[in-house]
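*Asks:* quick one, structure for this:
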Amino acid sequence: MQIQALPSNTPPELVVNTPVIYRNIGNARSRGIEIESLVALNDNWSLNIGASFTDPTYKDGTDSFRFNGRCDDVVCPIDTSVGGNTLPRTAKTQLIAGLEWNSTLGNGMEIFARGDLTHQSKMQMEEMNIGQIPPRTLVNARLGVSRDNWALDVWGRNIFNEKYVANSFFIISGVSYGTALGEKATYGATLRYMF
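*Replies:* Residues are numbered from 1 along each chain as shown. Take a look at the predicted model:
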């Protein structure tokens, strides 16, 4: 497994202006299980559920080059050992659920409504596991009608306007974190013609 690092002979006063390199950090292991199911509850209702559980860790004896000379044995170990730590940007638990209703209105017109829920557990920002991306739960919804070759959907994503961090990365030269917030509540309509 490779990560960004500084050359091992970089003096502390030149860290900000030194270009990063990629180095082998050592061994990592990720084990887990994923379960998914789709159930037709009756002629109109269907339910889909899914879950994944993962144990993504660095193996014992793995050291971080990025934190070399930056740890104080309080925030992180001076020997920069990351054995047993969780791999960055990997959620240990992810859950999904969706409920959909379909019906026919007559004259060939069909209608559907759907709601989806996704949950993701916290993620580590870097291999030292100092900073975390908090867990998040998002809800999406969609309502649509169709007839013949035409379809119109009205939809909303993140309908409860959950504020969340979508991604984060460790900026090695500045010894800081960069984060990107996820999409706010978004609504729209989609008109489709199939031919």
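
*Asks:* and the residue lying closest to residue 190 once chain neighbours are set aside, what are its bridge partners?
*Replies:* Nearest in space to residue 190, with sequence neighbours left out and distances taken as Cβ to Cβ, 6 or more residues apart in numbering, is residue 153 at 4.6 Å. All C-beta atoms are positioned from the backbone trio N, CA, C, and that covers glycine. On the basis of DSSP bridges, residue 153 is bridged to residue 144, residue 190.

*Asks:* looking at it, residue 153 is touching residue 140, isn't it?
*Replies:* No. Under the criterion of Cβ atoms under 8 Å, residue 153 makes no contact with residue 140, lying 11.7 Å away.

*Asks:* re earlier: contacting residues for the residue nearest to residue 190?
*Replies:* For residue 153, the contact set (Cβ atoms under 8 Å, 6 or more residues apart in numbering) comprises 142-144, 189-190, 192.

*Asks:* redo these as JSON lines? Include neighbour count and pLDDT.
*Replies:* Output for the contacts of residue 153, formatted as JSON lines (neighbours: other Cβ atoms under 10 Å; pLDDT from 0 to 100):
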{"residue": "142", "neighbour count": "17", "pLDDT": "98"}
{"residue": "143", "neighbour count": "16", "pLDDT": "97"}
{"residue": "144", "neighbour count": "18", "pLDDT": "96"}
{"residue": "189", "neighbour count": "10", "pLDDT": "97"}
{"residue": "190", "neighbour count": "11", "pLDDT": "96"}
{"residue": "192", "neighbour count": "11", "pLDDT": "93"}
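
*Asks:* ok so, going back, what's the distance between the residue nearest to residue 190 and residue 186?
*Replies:* According to Cβ to Cβ, to the nearest Å, residue 153 and residue 186 sit 14 Å apart.

*Asks:* which residue sits farthest out from the middle of the chain?
*Replies:* Taking Cα atoms, centre = their mean as the measure, the residue most remote from the mean C-alpha position of the chain is residue 107, 42.9 Å away.

*Asks:* if I look at that residue, how far off is residue 147?
*Replies:* 7 Å.

*Asks:* now the chain, which segments are flagged as low pLDDT?
*Replies:* For the chain, applying pLDDT under 70 flags the ranges 4-20, 172-175.

*Asks:* for it, which segments count as strands?
*Replies:* 2-5, 21-24, 28-40, 45-58, 93-106, 109-120, 123-124, 132-133, 136-147, 150-157, 165-171, 176-181, 186-193 (DSSP state E).

*Asks:* can I get these in a markdown table including distance to residue 76?
*Replies:* Shown next, in a markdown table, are the strands of the chain (distance: least, Cβ to Cβ, whole Å):
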| stretch | distance to residue 76 |
| --- | --- |
| strand 2-5 | 15 |
| strand 21-24 | 18 |
| strand 28-40 | 18 |
| strand 45-58 | 13 |
| strand 93-106 | 25 |
| strand 109-120 | 25 |
| strand 123-124 | 12 |
| strand 132-133 | 14 |
| strand 136-147 | 26 |
| strand 150-157 | 37 |
| strand 165-171 | 12 |
| strand 176-181 | 14 |
| strand 186-193 | 38 |
